[in-house]
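Enquirer: Show me the folded form of this:
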Amino acid sequence: MRAWIRYAVVAAVLVVLLALVAYFTRGAFLDPGNLINVLRQITYNAILAAGQTFVIITAGIDLSVGSLVSLCGVVMAMAANALPFHGVALVAAVLVVGALVGGFAGFVNALPVVRLGLPPFITTLAMMLMARGLAYKLSHGRPIPVNSDAFNTIGIGFTLQGLGHLFKLPGIPVAVLWMAVVLIVSGVVLARTRFGRYVYAIGGNIEAARLAGIPNRRVITAVYVISGICAAIASLLLMARFQSGSPQTGFGFELTVIAAVVVGGTSLFGGSGTIAGTFVGALLIGVLNNVMNLANVESYTQDIALGAVILLALILDQVRKRIWS
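Expert: Just a heads-up that it's a prediction; the model follows:
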């Protein structure tokens, strides 16, 4: 019964959203160039939201993801220009560098939470400020250009041209395949592994999880590391798209990502959520933002709409908990 209610709500939201698309855009939304834009924007947010889902299910939150995108992008751009590799080897090496930076930042985020009992909101807020400042310091406030055909292919290239032609597109953006891999792996880990069960248990009742022998500290540390690595992957795709690592990239991403996770059905109070739901949330937020852009809605009005979406999702989550408790 609960699943049917959730699906009915998602279907209703999609119907309303499609009606808004038809009314405001007058067909512009279905333009191939616009659809590619939507796909790419959803890609970055969905990858970040996948990592954020792990964190929020444990009743935590990671406000640093946007700044980590900036920091990882700057560091990876510096690495791309310094490493003596080419092609796929260069991409792999740069991704490892970014994953180390993002993973270490996630570890630093988790340390005060698991060792000192500090609220995740405070520790990740501090990391958000430090990472953003470090990105500006390393880059001197300027984008660091990257000139590589391999990154160019990842950033703006297409694959599966036959499938793309079905939708009147030149193909499926390569970045979308990266997103698919991240979402599939994240979904399997969360739904089919012991680690995933531990994540849900900690979010449901951290004390009961401890008494059951679950290594709470290690699991919580791991989810923040996962979030940091997802930030590095999203950052690499953004760097590849714009052919530079900029300290300004990722600004404000954290709010959009949290909105996608919450709209996708993950409770901010922990214990429930799925990667599939998160993808649906990212899709809804991405389409909504695109429609507002096509309708020439002012940026500050878009911020109001995004805040309202987050608030509505929280209210619905509380109502759901009270009805089913």
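
Enquirer: quick one: the strands in the stretch 201-325 of the chain?
Expert: For the stretch 201-325 of the chain, the strands defined by DSSP state E, counting those that start in this stretch occupy 244-245.

Enquirer: low pLDDT regions in it?
Expert: Within the stretch 201-325 of the chain, the stretches with pLDDT under 70 are 321, 324-325.

Enquirer: Quick check, central residue of this protein?
Expert: residue 48 (1.7 Å; CA atoms, centre = their mean).

Enquirer: avg pLDDT for the helix or strand hosting it?
Expert: For residue 48, the host element (DSSP states H and E) is helix 32-57. For helix 32-57, the mean pLDDT works out to 89.

Enquirer: go on, stretch 66-76?
Expert: Stretch 66-76 shows a mean pLDDT of 97.

Enquirer: hey, C-alpha coordinates of that stretch in PDB?
Expert: Output of stretch 66-76 as PDB, limited to C-alpha atoms (Å, rounded to 0.1, in the frame of the first residue of the first chain):
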ATOM      1  CA  GLY A  66      29.300  21.900  -3.800                       C
ATOM      2  CA  SER A  67      32.600  23.300  -2.500                       C
ATOM      3  CA  LEU A  68      34.200  19.800  -2.900                       C
ATOM      4  CA  VAL A  69      33.200  20.000  -6.600                       C
ATOM      5  CA  SER A  70      35.100  23.200  -6.800                       C
ATOM      6  CA  LEU A  71      38.200  22.000  -4.900                       C
ATOM      7  CA  CYS A  72      38.300  18.600  -6.800                       C
ATOM      8  CA  GLY A  73      37.900  20.400 -10.100                       C
ATOM      9  CA  VAL A  74      40.800  22.700  -9.400                       C
ATOM     10  CA  VAL A  75      43.100  20.000  -8.100                       C
ATOM     11  CA  MET A  76      42.200  17.600 -11.000                       C
END
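
Enquirer: Now do the contacts for residue 128.
Expert: 63, 64, 66, 67, 254 (CB atoms under 8 Å, 6 or more residues apart in numbering). In this view, the C-beta of every residue, glycine as well, is placed from N, C-alpha and C.
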